[in-house]
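> sharing a model that was predicted from the sequence below.
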Amino acid sequence: MRPFAITNLALALVWLLFFRYCQNNSYHDPSTLFYDSTRAYTQQYSAIRETEALDFVHKAVSTSATAAKPDIYLNGAKPSGNKDSVNNGKQPEGVKLCVGIPSILRDRENFIDKTIASLVDTLSLEERKRLNLKVLLGENDPRIHPGFGQDWLKHIADEVIVYGDEQPDDLGYHHISNSSMRWLPDDLRNKRVQLDYANLMGACRDQGADYFVLIEDDVIASRDWFKRLTRSIEEVEARSNGKEDWLYIRLFYTETYLGWNSEEWHVYLGNSILLFSIVAGAVLLVRWRSPAMRQLKATDLVRANSGLVFLIAAWMAAYIALYFMAGRLLVSPYAVGVHEMPQYGCCAQGLAMPYRNLEPLERALREPPHDIAGDSFIDMIADRDRLKKWVMVPSVLQHIGIRCSSEKGYLKTTWNFSFEKGPWPLR
């Protein structure tokens, strides 16, 4: 068999093997030829975490899991009503977080119980004492919210905030009655969301934690979210080194927006031409070094090897096409760690922000006009103030609320496919 025939056969076989590999590993990327919506949104790790969170909710119905009374974390030890006996009179060491969760009554399925349980069910006692969890029941009449008055909410949340005038009750909720801090029933959704965010930021600023974490009420957290987040915060602060401040770290990002982008076509084309030039040049250089070709001029060398150049071009086109068909999530994913993400992140399922930047953001959220979505508004403020935006990879949250995002279920694109491959080992 001629050498060219053997080379073609080998290249074809390798291409087919890569094609088959892409079929098995790129089905979750909507920008690829191999996308399969019936498989892409299958819950794996998030389904496990939902089950674990519900188990914790059942325990929390009768046992306290708050930072002040963390009886559920005592591993069978006798609970004590004395706060100092749990804290040993000492403040916990390490980064302290205040998590704020705005929650509303949803039409089909409510996730607030699983969301808050997944944030605390795997914490150590020391970690739980470094976390203050505030839940805002964002309804004008909080009594219609499925969490109102529930024992599991009282036993997990460190503070429950509601709108409405102060009323005598034994629930211990914090009431926001100031009309300037509340939205009205006729207000548009964007204003409601922005005021909810602002009120939670204000509550956490008063609490005095090092960082505020905004989390939506339709996510599920990984088992190691707290460890990963605190490590990411420390890394970002070290890399910023007081020179370039930042507004947030994403705990969640949707991978459906991270495919090939049409506005970058010139980059892809330039890289493809460069790659072809390097390969073709290398092959022709090897050919030129042979005694029969050494005396030829460059133009004669190309003319004498025109068939070879055509073959290189054909196979390069085939492999480059397969590269793009495979999708960016497979061939060029983010490495595990924390990275800058100035665009394409989406959405506000989880954002961690330093205390020092909360006050101006809270003030901006309260000011009209409220004409853009809350997460887009936060991005706008970051760009305006030249504050960096970071992301944790892999995501430590999954948007399980996608189940209620459309009439046919999994049509909305707010999803992190890599989360389902968890649990990920700590670095």
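Structure received.
> quick one: least confident helix or strand in the protein?
Ranked by mean pLDDT, DSSP states H and E, the weakest helix or strand in the chain is helix 83-87, scoring a mean of 48.
> tell me the contacts of Asn190?
By Cβ atoms under 8 Å, 6 or more residues apart in numbering, the residues touching Asn190 are 370-374, 377. From N, CA and C alone the C-beta is placed, and that goes for glycine too.
> surely it forms part of a strand?
No - the assignment for Asn190 (DSSP: H, G, I helix; E, B strand; the rest coil) gives helix, which keeps it out of a strand.
> low-confidence regions, the protein specifically.
1, 75-91, 166-169, 179-184, 186, 288-304, 405-412, 426-427 (pLDDT under 70).
> name the SS class of the residue nearest the centre of it, please.
Nearest residue to the geometric centre of the chain (Cα atoms, centre = their mean): Phe252, 1.2 Å. Recorded secondary structure, Phe252: coil (three-state DSSP).
> distance check, it against Leu17.
35 Å (Cβ to Cβ, to the nearest Å).
> Gln349 too?
38 Å.
> okay, those two: which has more neighbours?
Gln349 (26 against 10; other Cβ atoms under 10 Å).
> which residues touch the more buried one?
Contacts of Gln349 (Cβ under 8 Å, 6+ apart): 215-216, 218-219, 251-252, 397, 399, 414.
> residues in contact with the closest residue to it other than its chain neighbours?
Leaving aside its chain neighbours, Gln349 sits nearest to Phe252 (4.0 Å; criterion: Cβ to Cβ, 6 or more residues apart in numbering). Applying Cβ under 8 Å, 6+ apart, one finds that Phe252 lies in contact with 219, 347, 349-350, 395-399, 416.
> can you pick the most crowded of those?
Gln398 (30 neighbours).
> test my guess that that residue contacts Glu216.
No - the criterion here is Cβ atoms under 8 Å, and Gln398 misses it with Glu216 at 11.4 Å.
> neighbours of Val61, how many?
13.
> over to the one 4 residues further on?
Neighbour count of Ala65, defined by other Cβ under 10 Å: 25.
> what's the answer for Leu33, then?
Leu33, neighbours per other Cβ under 10 Å, totals 15.
> list the contacts for it?
22, 26, 325.
> sort out for me which of these are in helices.
Residues of the contacts of Leu33 located in helices (DSSP state H): 22, 325.
> show me which of the contacts of Leu33 is closest to Asp187.
Checking the contacts of Leu33 against Asp187 with Cβ to Cβ, the nearest one is Ser26 at 43.3 Å.
> which residues does the closest one contact?
With Cβ under 8 Å, 6+ apart, Ser26 has these contacts: 32-35, 325-327, 329-330.
> out of the residues you listed, list just those in helices.
Using DSSP H, these in helices are 325-326, 329-330.
> buried among those residues? Need that as a selection in ChimeraX.
Listed next is the ChimeraX selection for buried residues among the ones in helices among the contacts of Ser26, using 16 or more other Cβ atoms under 10 Å:
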select :325,326,329,330
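> count of residues packed around the residue nearest to Leu125 when sequence neighbours are not counted?
Ranked by Cβ to Cβ, 6+ apart and with sequence neighbours excluded, the top spatial neighbour of Leu125 is Tyr73, at 4.3 Å. Counted with other Cβ under 10 Å, residues neighbouring Tyr73 total 19.
> ok, Tyr73 touching Ser64?
No - using Cβ under 8 Å, Tyr73 is not in contact with Ser64; the gap is 9.7 Å.
> so where do the helices sit in the stretch 101-250 of the chain?
112-120, 125-129, 151-156, 189-207, 225-240 (DSSP state H, counting those that start in this stretch).
> show residues contacting the shortest one.
Surrounding helix 125-129, the residues in contact under the criterion Cβ under 8 Å, 6+ apart are 65, 67, 70, 73-74, 86-87, 92, 94, 120, 226-227.
> what about that helix, distance to the chain center?
Centroid displacement of helix 125-129 relative to its chain, using Cα atoms, centre = their mean, to the nearest Å, is 24 Å.
> how about the secondary structure of Met353?
Met353 ends up strand, using three-state DSSP.
> partner residues bridging it?
Phe212 (DSSP bridges).
> in the stretch 251-400 of the chain, which spans are helices?
Using DSSP H, counting those that start in this stretch, helices in the stretch 251-400 of the chain cover 265-288, 298-304, 306-326, 328-331, 358-366, 374-384.
> any idea of the angle the last one forms with helix 358-366?
When axes from the mean of the first three to the mean of the last three Cα atoms, to 10 degrees is applied, the directions of helix 374-384 and helix 358-366 differ by 130 degrees.
> alpha carbons only: can I get helix 374-384 in CSV?
Provided in CSV are the C-alpha atoms of helix 374-384 (Å, rounded to 0.1, in the frame of the first residue of the first chain):
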residue,chain,number,x,y,z
GLY,A,374,-31.2,42.8,39.2
ASP,A,375,-28.2,40.8,38.0
SER,A,376,-27.7,43.0,35.0
PHE,A,377,-27.8,46.1,37.2
ILE,A,378,-25.1,44.6,39.5
ASP,A,379,-22.9,44.0,36.4
MET,A,380,-23.5,47.5,35.3
ILE,A,381,-22.3,48.9,38.6
ALA,A,382,-19.2,46.7,38.4
ASP,A,383,-18.4,48.0,35.0
ARG,A,384,-19.1,51.6,36.0
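> quick one, what contacts the closest residue in space to Leu229 that isn't next to it in sequence?
Leaving aside its sequence neighbours, Leu229 sits nearest to Ala352 (Cβ to Cβ, 6+ apart; 6.0 Å). Contact analysis of Ala352 by Cβ under 8 Å, 6+ apart lists 97, 211-214, 229, 232-233, 248-249, 251.
> and if you look at Asn110?
146-147, 217.
> how near is it to Gly172?
22 Å.
> next one: Thr66
11 Å.
> which one of these two has more residues nearby?
Legend: neighbour count by other Cβ under 10 Å for Thr66 and Gly172, higher for Thr66 (21 against 8).
> look at the more buried one and give its secondary structure.
coil.
> which residue lies closest in space to it, excluding its sequence neighbours?
Asp158 (5.2 Å).
> so what's that neighbour up against?
Contacts of Asp158 (Cβ under 8 Å, 6+ apart): 66-68, 132-134.
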